[in-house]
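Trainee: what follows is a predicted protein model with its sequence.
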Amino acid sequence: MVWEIVWRGVAMGIGGTVFMDIWAIILHRFFHQPAPNWGPVGRWFWHLPKGKIFHDSIAKASPYRHEAALGWTSHYAIGIVYGVVLALIVPDGWFTAPSFILPWVVGIVTVGAGWFLLQPGLGIGWAASKTPNPNKVRALNIVAHTIFALGMFVTALIIR
């Protein structure tokens, strides 16, 4: 039973993250949004074990040779963790008839990790408050996490 929950959660986390990445490609190619750069996230993760959570600017932190790879790996690992959390909280029978609401709630709640941990950790402020257009970043975050939720839901439909 536990193994079933774990593999379903891993699958949903990967599916959701893939959907989010496809969305980022669409935004980049058709709407000229900057492509995701997971290097700064990798650098941030590299500095965590050293006790440094919040940076004035992650660009000024000492670089790590494999920070892009660490950033991509972290991106998928976090998606998997969120997928497993979803698998753990869904009610009995949900996997036989998945609904969108629970993945969406998880997706929206996880925006908070970006706003209140990752973004200030990178030095761009609480909920991107130090960026040139914080409301645009916030809206894009909410949409991206909704797309992540859609990916978890579609994956749940596929594996049911």
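Mentor: In hand now; what should we look at?

Trainee: against residue 7, how distant is residue 137?
Mentor: According to CB to CB, to the nearest Å, residue 137 and residue 7 sit 34 Å apart. C-beta: built from backbone N, CA, C; applies to glycine.

Trainee: what about the helices in this structure?
Mentor: Counting by DSSP state H, one finds helices in the chain at the ranges 2-31, 39-47, 67-89, 101-113, 119-122, 134-159.

Trainee: state the mean pLDDT of the shortest one.
Mentor: Put plainly, it is helix 119-122. Throughout helix 119-122, pLDDT has a mean value of 98.

Trainee: just the third one next, same as before
Mentor: Average pLDDT, helix 67-89: 98.

Trainee: what of the last one?
Mentor: The predicted model gives helix 134-159 an average pLDDT of 98.

Trainee: looking at the helices of the chain, which is closest to residue 56?
Mentor: When the helices of the chain are compared by CB to CB, helix 119-122 sits nearest residue 56, at 10.0 Å.
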